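whatever this is, show me its structure:
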Amino acid sequence: METEYRGTTICAMRRGGTVAIAGDGQVTHADMILKTKARKIRLLAEGSVIAGFSGAVADALTLFERFEAKLKQFKELRRAAVELAKEWRTDKYLRRLEALLLTCDSDTMLLISGTGEVIEPDEDFAAIGSGAGYALAAAKALSENKKLSAEQIARRALEITAGICIYTNSEIVVESLS
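Next comes the predicted model:
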């Protein structure tokens with residue numbers, strides 16, 4: 001059974017030596033907005049990794065803690081992501097967590113899921129969450145404008161998504177690494 005995650009959109013963009021992740025602030029339960037200014041983007045590993053989440057907030061916070069521990073243990077994003085995905089898939093408690101992570105360091109962008117997937121996008125952008133399709137389309141179109149920075153594209157893609165997706169709002173937080 002495939003889980004459908006609602007309640008946020010996260011968009012990552014890489015351009016010109018910078019990677020940025022933007023996330024909206026909406027938290028929903030069923031068809032009700034509970035919070036509008038949640039922060040779903042975190043700097044991890046002493047500021048060398050950015051991670052954003054979609055899905056259940058408590059689950060995502062648990063995953064952030066586990067992921068940061070893996071980053072400390074393995075010192076490399078790709079290896080930490082694979083180890084987290086293995087643990088997430090096989091641990092009886094963790095496998096019930098309903099969230100997705102989108103992670104980036106200066107070289108690598110990865111989507112991590114509880115089904116054991118660690119996916120590196122083919123493009124220099126990725127998105128997760130309820131508005132992922134809208135954010136991906138916007139980021140792809142915006143990436144054709146070579147004057148826009150990674151931060152500008154990630155933010156604008158979320159602004160466009162907020163105008164279309166009822167689970168995404170315009171309270172956007174952007175974090176970036178150069």
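
show me what the helix or strand harbouring residue 158 is packed against.
Assigned by DSSP states H and E, residue 158 belongs to helix 150-162. Counting contacts by 3 or more Cβ pairs under 8 Å, 6 or more residues apart in numbering; DSSP states H and E, helix 150-162 is packed against strand 9-15, strand 18-23, strand 125-129, helix 132-142, strand 173-177. Heads up, the C-betas are built off the backbone N, CA and C, glycines and all.

what residues sit buried inside the third one?
Just to be clear, that refers to strand 125-129. Of all the residues in strand 125-129, those buried under the rule 16 or more other Cβ atoms under 10 Å are 125, 126, 127, 128, 129.

which one is the last one nearest to, not counting chain neighbours?
The spatial neighbour of residue 129 that comes closest, neighbours along the chain excluded (Cβ to Cβ, 6 or more residues apart in numbering), is residue 54 at 3.3 Å.

packing partners of the strand or helix carrying the one you found?
Using DSSP H and E, residue 54 maps to strand 49-55. Judged by 3+ Cβ pairs under 8 Å, 6+ apart, the packing partners of strand 49-55 are strand 9-15, strand 18-23, strand 41-44, helix 57-74, strand 99-104, strand 125-129, strand 173-177.

in the helix or strand of the chain with the lowest mean pLDDT, which residues are buried?
Using mean pLDDT, DSSP states H and E, the weakest-scoring helix or strand in the chain turns out to be strand 27-29, at a mean of 84. For strand 27-29, a neighbour-count test (16+ other Cβ under 10 Å) marks 27, 28 as buried.

so after it, what's the next helix or strand?
Per DSSP H and E, the first helix or strand lying C-terminal to strand 27-29 is strand 32-35.

quick check: end-to-end length of stretch 37-52?
End-to-end distance for stretch 37-52, by Cα to Cα, to the nearest Å: 14 Å.

identify all contacting residues around that stretch.
With contact meaning Cβ atoms under 8 Å, 6 or more residues apart in numbering, stretch 37-52 is reached by 8, 10, 12, 19-27, 53-54, 57, 60, 64, 67-68, 71-72, 77, 101-106, 128, 171, 173-177.

got a quick PyMOL command for the buried subset of those?
The following PyMOL line selects those of the contacts of stretch 37-52 that are buried, judged by 16+ other Cβ under 10 Å:
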select buried, resi 8+10+12+19+20+21+22+23+24+25+26+27+53+54+57+60+64+67+68+71+77+101+102+103+104+105+128+171+173+174+175+176+177
